[in-house]
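>>> sharing a sequence plus its predicted fold:
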Amino acid sequence: MSLSKIVRQYFALTVLLFVFSCSFFEQNDFIVSNVISKDPKEQIYYDIYQTGIDNHRFEFKAVSNSDTIKLFEYFLNDAAYKAMRFKIAPSNDTLTIITNMPTEFKFSKTKIGTTVILRNE
């Protein structure tokens, strides 16, 4: 084999590996972002992404001093997503998010110490 043929094959293989490993092919479709807490020191919100034909991902996040952290994720199918409702119950340094759908108990702490809890009714 000539050196130029080896180089072309190596280049083609490298390009193919790059294309198939890029995450931009797996990007989720952003739907909406909703703020659920407007504390002057910290904002808690969730983003909703469509992750497949009938799947959705909720990413709960907190922003404090221009620094964003992801608290937890919550996944639903399309039928459950359309029926999903949240009730927000703030109490001292705790923010409880109550869903009308069955969910596992999830919680996390923000950088300034607020406990965020996700649970069902």
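Here it is on my side, so go on.

>>> now the protein, which segments are flagged as low pLDDT?
1, 7, 10-27 (pLDDT under 70).

>>> for it, what spans make up the strands?
Along the chain, the segments classed as strands by DSSP state E run 29-38, 43-50, 55-64, 67-77, 86-91, 94-99, 106-109, 115-120.

>>> point to the residue nearest the middle of the chain.
E59 (3.0 Å; Cα atoms, centre = their mean).

>>> related to what we said a few turns ago, redo the strands of the chain as a markdown table? Include distance to S2.
In this view, the C-beta of every residue, glycine as well, is placed from N, C-alpha and C. Shown next, in a markdown table, are those (distance: least, Cβ to Cβ, whole Å):
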| stretch | distance to S2 |
| --- | --- |
| strand 29-38 | 46 |
| strand 43-50 | 48 |
| strand 55-64 | 49 |
| strand 67-77 | 51 |
| strand 86-91 | 65 |
| strand 94-99 | 64 |
| strand 106-109 | 58 |
| strand 115-120 | 61 |
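
>>> who wins for proximity to I6 among those?
I6 lies closest to strand 29-38 among these, at 41.1 Å (Cβ to Cβ).

>>> ok, and the closest non-adjacent residue to S37?
Leaving out its chain neighbours, the residue that sits closest to S37 by Cβ to Cβ, 6 or more residues apart in numbering is I44, at 3.9 Å.
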